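**Q** could you work out the structure for the sequence below:
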Amino acid sequence: MTSSILAAVAISAQTFTLTILHTNDIHAHVEPTLIKGKTYGGYARIATLIRRYRASDPNPILLNAGDTFQGTLYYNVYRGLADAHLMNLSGYQAMALGNHEFDDGPTGLLPFVQSVQFPVLCANLDFTGEPMLQNWVRPSTVIHVGNQRIGLIGLITPDLFEISSPGENLKITDIDAAVEREISKLKKLNINKFVLLTHVGYGGEIELARKHPDVDVVVGGHSHSLLCDTGGIPIANPAGPYPTKVGKALVVQAWEWNKVLGRIKVDFDEAGNITGYHDAKPILADDSIPQDASVKSAVGAFKKPIDNLGSEVVGTSPKGLPRDSGPEMTMGNVIADAMLAYTARNQTVAAFMNRGGVRAPIEPGQITYGEIIATQPFGNTLVVMDATGDEIRQMLNIGATKAGTVQVSRGMAYRIGPGGAITSMTLNGTPMTSSAKYRIVVNNFMARGGDGFTSLADAKGYRVDTGLLDSDALIDYIKKNSPLDAKIEGRVSASQ
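**A** Residues are numbered from 1 along each chain as shown. Sure thing, here's the model as predicted:
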């Protein structure tokens with residue numbers, strides 16, 4: 001054997017290839033999702049892809065980056081337990097907590113973490129004051145694969161307390177300190193390969209990779225980022241490349257709703273340094289992917305009670321109600337109009353809906369109860385309150401600069417100027433003034449300051465939680481106004 005061949009064999013023996021398969025932001029999308037006449041995703045298709053790459057790829061591990069809860073009738077009925085069973089069947093090995101895992105508080109999360117057969121991770125939450133979860137969520141874990149050990153560290157978005165309901169007993173801790181603490185702990189176990197499993201968002205995950213040079217891979221979620229063009233997906237402008245290289249570290253996400261399976265092979269040398277990566281691309285779970293038989297059977301069992309409830313038709317929309325990409329959304333307009341109509345007896349004059357709460361479009365044709373729950377899945381109640389023009393302006397500014405443009409009811413209009421400044425606000429054609437008070441309706445998430453809308457949380461004076469569900473308001477509106485022919489009306493506009 002020649003010296004060059006011997007050298008190549010020696011190098012090969014020292015190289016360890018890790019395959020990372022991953023998903024994020026499933027949001028209870030147990031079945032495939034219909035997009036422009038084609039279906040994507042579903043646990044049974046993803047399971048087929050998982051099985052395929054487990055058989056073909058070296059040293060595979062399967063991870064989930066959070067937000068398994070909330071988004072379809074499967075969550076409303078099973079509160080995450082359907083997902084827990086299907087994730088166990090699929091063979092997940094670790095999951096990061098997402099913000100939506102706390103939508104029903106710690107007691108809502110407990111049955112899920114007790115049911116899954118893999119570790120649930122979060123290093124930047126202090127669980128000492130919440131004994132019911134303290135023994136069920138770990139800051140980090142070690143996965144044994146091949147002859148190597150991989151350190152996994154879980155992280156959740158630092159604004160958890162603004163956007164979900166983790167309760168009074170948990171405490172958020174400094175995210176960078178949490179990373180360094182867990183890396184130090186894992187190094188003492190002689191681990192030299194580190195994966196952050198994060199529900200922080202693409203921008204925040206890039207920043208984590210930049211700040212922490214020991215990190216090799218960041219497997220992320222929260223921002224629903226599609227990285228690179230996987231082909232055949234009806235979405236424009238991927239957020240970045242897959243992987244996104246930050247120094248030596250690799251940042252990956254897998255879009256949303258099980259529509260793709262993230263897949264990347266990472267090569268390490270003996271010292272744990274990344275020497276390369278390959279076969280890096282989210283795999284599209286379109287209708288060319290057959291459904292895994294065992295997972296499909298389990299989905300079928302969970303689906304029977306859902307069908308009876310979700311298939312009930314409540315109205316029609318010949319053109320559909322899209323979640324438009326511009327500042328104003330057709331679906332947002334309809335939701336805001338429904339909120340205003342449902343609280344007319346409370347003398348409300350305008351309704352405001354956070355963009356992030358509009359979770360799905362409605363396809364053309366019949367509108368079912370299941371579709372309404374998919375777009376209004378959180379079971380929020382409607383809060384009627386008084387707010388000044390200045391408080392409303394502050395809310396709209398937060399939406400324009402941070403949270404996503406606030407959707408408004410008919411008769412209300414505003415314009416966004418450079419830097420997110422609100423340059424005009426009118427109500428029924430009349431300019432709104434800073435000191436005047438207006439009786440408005442928002443959901444309880446916004447009313448308590450969620451998404452950073454602190455001006456609503458701090459507003460003084462009249463405030464009542466009606467107990468009326470946002471989804472019931474939408475159902476009532478659709479029933480009374482079908483067939484719906486909503487469109488963009490210029491309620492929200494932005495200067496170029």
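**Q** please count neighbours and contacts with C-alpha atoms only from this point.
**A** OK.
**Q** contact partners for residue 452?
**A** 162, 398, 403 (CA atoms under 8 Å, 6 or more residues apart in numbering).
**Q** which one of the residues you listed has the most neighbours?
**A** residue 398 (21 neighbours; other CA atoms under 10 Å).
**Q** next structured bit after the lowest-mean-pLDDT helix or strand in the chain?
**A** Least confident helix or strand, the chain: helix 3-14 with a mean of 47, by mean pLDDT, DSSP states H and E. Counting by DSSP states H and E, the element after helix 3-14 in chain order, helix or strand, is strand 16-23.
**Q** so for that following strand, what gets flagged as buried?
**A** For strand 16-23, the neighbour count (16 or more other CA atoms under 10 Å) marks 16-23 as buried.
**Q** closest to residue 86 out of the residues you listed?
**A** For those, the minimum distance to residue 86 (CA to CA) is 13.4 Å, reached by residue 23.
**Q** for the closest residue to that closest one other than its chain neighbours, give me phi and psi.
**A** Setting aside the residues directly before and after it, residue 23 is nearest to residue 64 in space (CA to CA, 6 or more residues apart in numbering), at 4.9 Å. Here is the backbone geometry of residue 64 (degrees, to the nearest 10): phi -130, psi 130.
**Q** ok, now residue 95?
**A** Backbone phi and psi, for residue 95 under degrees, to the nearest 10, turn out to be phi -140, psi 140.
**Q** so who does it touch?
**A** By CA under 8 Å, 6+ apart, residue 95 lies in contact with 63-66, 118-121, 154, 197.
**Q** tell me where the stretch 251-400 of the chain has strands.
**A** Listed in chain order, the strands of the stretch 251-400 of the chain (DSSP state E, counting those that start in this stretch) span 260-268, 274-278, 283-284, 313-317, 350-353, 365-368, 381-388.
**Q** and the contacts of residue 95, which is closest to residue 280?
**A** For the contacts of residue 95, the nearest to residue 280 is residue 63 (15.5 Å; CA to CA).
**Q** just list whatever residues bridge to the closest one.
**A** residue 22, residue 94 (DSSP bridges).
**Q** from residue 422, how far out is it?
**A** 42 Å (CA to CA, to the nearest Å).
**Q** ok so, going back, now render the strands of the stretch 251-400 of the chain as CSV, adding distance to residue 184, mean neighbour count and mean pLDDT.
**A** Formatted as CSV, the strands of the stretch 251-400 of the chain follow (distance: least, CA to CA, whole Å; neighbours: other CA atoms under 10 Å; pLDDT from 0 to 100):
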stretch, distance to residue 184, mean neighbour count, mean pLDDT
strand 260-268, 20, 23, 97
strand 274-278, 19, 15, 97
strand 283-284, 34, 20, 94
strand 313-317, 56, 19, 96
strand 350-353, 44, 25, 98
strand 365-368, 52, 19, 95
strand 381-388, 44, 23, 94
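**Q** let me have the ones you listed in CSV, extended by distance to residue 186.
**A** Converted to CSV, the strands of the stretch 251-400 of the chain look like this (distance: least, CA to CA, whole Å):
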stretch, distance to residue 186
strand 260-268, 17
strand 274-278, 18
strand 283-284, 31
strand 313-317, 54
strand 350-353, 44
strand 365-368, 50
strand 381-388, 44
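**Q** coming back round to it: return the subset of the contacts of residue 95 lying in strands.
**A** Using DSSP state E, the members of the contacts of residue 95 that fall in strands are 63-64, 120-121, 154, 197.
**Q** looking at the strands of the stretch 251-400 of the chain, which is closest to residue 332?
**A** Nearest of the strands of the stretch 251-400 of the chain to residue 332, taken as CA to CA: strand 350-353 at 7.0 Å.
**Q** hang on, the earlier thing: nearest to residue 260, out of the contacts of residue 95: which one, please.
**A** Nearest to residue 260 among the contacts of residue 95: residue 64, at 12.3 Å, using CA to CA.
**Q** one step back: which single one of the contacts of residue 452 is nearest to residue 323?
**A** Nearest to residue 323 among the contacts of residue 452 is residue 403, at 15.6 Å by CA to CA.
**Q** picking up where we left off before, who's more crowded, residue 63 and residue 422?
**A** Looking at residue 63 and residue 422 with other CA under 10 Å, you find the greater number of neighbours at residue 63, namely 23 against 19.
**Q** quick one: end-to-end distance for stretch 409-419.
**A** 24 Å.
**Q** residues of that stretch that come out buried?
**A** Residues 409-410, 412-417 are the ones in stretch 409-419 that count as buried (16+ other CA under 10 Å).
**Q** return the distance of it from the chain's centre.
**A** Relative to its chain's centre, stretch 409-419 lies at 26 Å (CA atoms, centre = their mean, to the nearest Å).
**Q** which residues does that stretch contact?
**A** For stretch 409-419, the surrounding residues in contact (CA under 8 Å, 6+ apart) are 333-334, 336-337, 340, 350-352, 400-401, 422-429, 490-496.
**Q** for the chain, give me the ranges with low pLDDT.
**A** Across the chain, the ranges flagged by pLDDT under 70 are 1-13, 230-236, 496.
**Q** top helix in it by residue count?
**A** As assigned by DSSP state H, the longest helix anywhere in the chain is helix 293-310.
**Q** list the buried residues for that one?
**A** Buried, per 16+ other CA under 10 Å, within helix 293-310: 295-296, 298-299, 302-303, 306, 310.
**Q** for the buried residues of strand 16-23, which two are the farthest from each other?
**A** Going by CA to CA, the pair spanning those furthest: 16 and 23, at 23.0 Å.
**Q** give the buried residues for stretch 131-141.
**A** 133, 137-141.
**Q** meant to ask about stretch 121-129
**A** 121-125, 127.
**Q** C-alpha coordinates for that stretch, PDB please?
**A** Only the C-alpha atoms of stretch 121-129 are listed here, as PDB (Å, rounded to 0.1, in the frame of the first residue of the first chain):
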ATOM      1  CA  LEU A 121     -34.200  21.000  26.900                       C
ATOM      2  CA  CYS A 122     -34.000  24.600  28.100                       C
ATOM      3  CA  ALA A 123     -30.900  26.100  29.700                       C
ATOM      4  CA  ASN A 124     -32.100  29.700  30.100                       C
ATOM      5  CA  LEU A 125     -35.100  29.100  32.300                       C
ATOM      6  CA  ASP A 126     -34.800  28.700  36.000                       C
ATOM      7  CA  PHE A 127     -37.300  25.900  37.100                       C
ATOM      8  CA  THR A 128     -36.400  25.900  40.800                       C
ATOM      9  CA  GLY A 129     -39.700  27.700  41.600                       C
END
